[in-house]
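A.B. asks: mind folding the following:
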Amino acid sequence: MQYSSNMPPPEYATGVPAHPIITPGQWSTGLCDCGKDVPNCCLTCWCPCISFGRIAEVVDKGTTSCGVSGALYSILCLFTGCECVYSFMYRSKLRQQYMLPEQPCNDCLLHCFCECCALCQEYRELKYRGFEPSLGWQGNLASHNQGIVMPPIGPGEMKR
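C.D. replies: Residues are numbered from 1 along each chain as shown. Predicted coordinates:
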């Protein structure tokens, strides 16, 4: 299909960025590659609720907010110590969206025993796929749709 100059490129048709070329079924980084993104690693170690909230908002495509997800994660952590029961579901959603393998073990066990490493890997995966989790869903849409200018339709103009 040919795209004309007044037609947005295919990656903007859905408002979601085009994904870099990645071998299907492969994570972009390993579970223990936390040193590849030190600021994210530090944030996740000291405040995992923020990292989780950002991941959840992007994975859910804006249907849940970073604040709500992060607060629920914090409440689960403080009162039950079982925040992994909530966070592993988002790893599963991320894996399904990008056809990633469940490795090195299932998502629940991974989040129970390596919560920070799992969150860091998920955050890096979203960044690698063109999202900046700190911007949230709407911020990512705005940054990816930047440069596409659609003329406004006035009340008296012809519409088809």
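A.B. asks: the residue most central in space within the chain sits in which helix or strand?
C.D. replies: For the chain, the residue sitting closest to the mean C-alpha position, by Cα atoms, centre = their mean, is V58 at 3.8 Å. Using DSSP states H and E, V58 maps to helix 48-59.
A.B. asks: if you count contacts, what does the next helix or strand along the chain from that helix end up packed against?
C.D. replies: Downstream of helix 48-59, the first helix or strand assigned by DSSP H and E is helix 66-79. Counting contacts by 3 or more Cβ pairs under 8 Å, 6 or more residues apart in numbering; DSSP states H and E, helix 66-79 packs against helix 48-59, helix 84-98. C-beta here means a position set from N, CA and C on the backbone, and glycine is covered the same way.
A.B. asks: point out the most buried one among those.
C.D. replies: Burial of the helices and strands packed on helix 66-79 is given as mean neighbour count (mean count of other Cβ atoms under 10 Å); helix 48-59 ranks first at a mean of 25.
A.B. asks: show me what it is packed against.
C.D. replies: helix 38-46, helix 66-79, helix 84-98, helix 115-128, helix 136-144.
A.B. asks: so which of those comes closest to G53?
C.D. replies: With Cβ to Cβ as the criterion, G53 lies closest to helix 66-79 of the helices and strands packed on helix 48-59, at 2.9 Å.
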